[in-house]
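# Structure for this input, please:
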Amino acid sequence: MTVREPRLFTVLGFGSTHRALSAEQLLKDLGIDVVPVPAPKTLGTGLCGIALRLEPAEVDRALELLGRADLEPTASASFEDV
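Numbers count the residues shown, from 1 in each chain. Okay, the predicted model is just below:
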């Protein structure tokens with residue numbers, strides 16, 4: 001069994017499921033690899049249950065694209081995960 005090393009990821013949280021799913025589809029369509037994950041409680045309250053996990057190197061581009069589409073996340077944080 002191979003041990004996987006923890007890596008840094010960024011998680012974006014949204015105020016509604018509709019916005020999270022729209023953001024996911026937009027980013028995937030534009031070539032950014034995102035993974036829907038349960039929204040971590042550490043992102044705060046007032047978020048839907050879906051967050052998007054992406055590589056830190058893609059965050060600036062993702063935020064720019066989401067801003068252009070009026071789909072800015074409500075919260076974001078960095079986490080280590082495998």
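# For F79, which residues are in contact?
F79 makes contacts with L8, F9, T10, V11, P40, as judged by CB atoms under 8 Å, 6 or more residues apart in numbering. Placement of C-beta: from N, CA and C, glycine included.
# Just those residues: which are in strands?
Among the contacts of F79, the ones falling in strands (DSSP state E) are L8, F9, T10, V11.
# For the last one, list each beta-bridge partner.
In other words, V11. R53, A77 (DSSP bridges).
# any idea how far it is from T2?
Remark: distance between V11 and T2 (CB to CB, to the nearest Å) = 25 Å.
# These two - which one has more neighbours?
V11 (22 against 4; other CB atoms under 10 Å).
# thought that one was touching P36?
No: the criterion here is CB atoms under 8 Å, and V11 misses it with P36 at 10.4 Å.
# which residues do those two both contact?
With CB under 8 Å, 6+ apart as the test, V11 and P36 both reach A51, L52, R53.
# burial measure for R4, as a count.
Neighbours of R4 (other CB under 10 Å): 8.
# got a pLDDT number for the nearest residue to it once chain neighbours are set aside?
Using CB to CB, 6 or more residues apart in numbering and skipping residues adjacent in sequence, the residue nearest R4 is V82, 4.3 Å away. We have a pLDDT of 71 for V82.
# I'd like the distance between V82 and P40.
15 Å.
# Over to T10?
12 Å.
# Just want to know which of the two has more residues nearby.
Between T10 and P40, counted using other CB under 10 Å, the more crowded position is T10 (20 against 15).
# contacting residues around the more buried one?
Applying CB under 8 Å, 6+ apart, the residues contacting T10 are R53, L54, E55, P56, V59, S76, A77, S78, F79.
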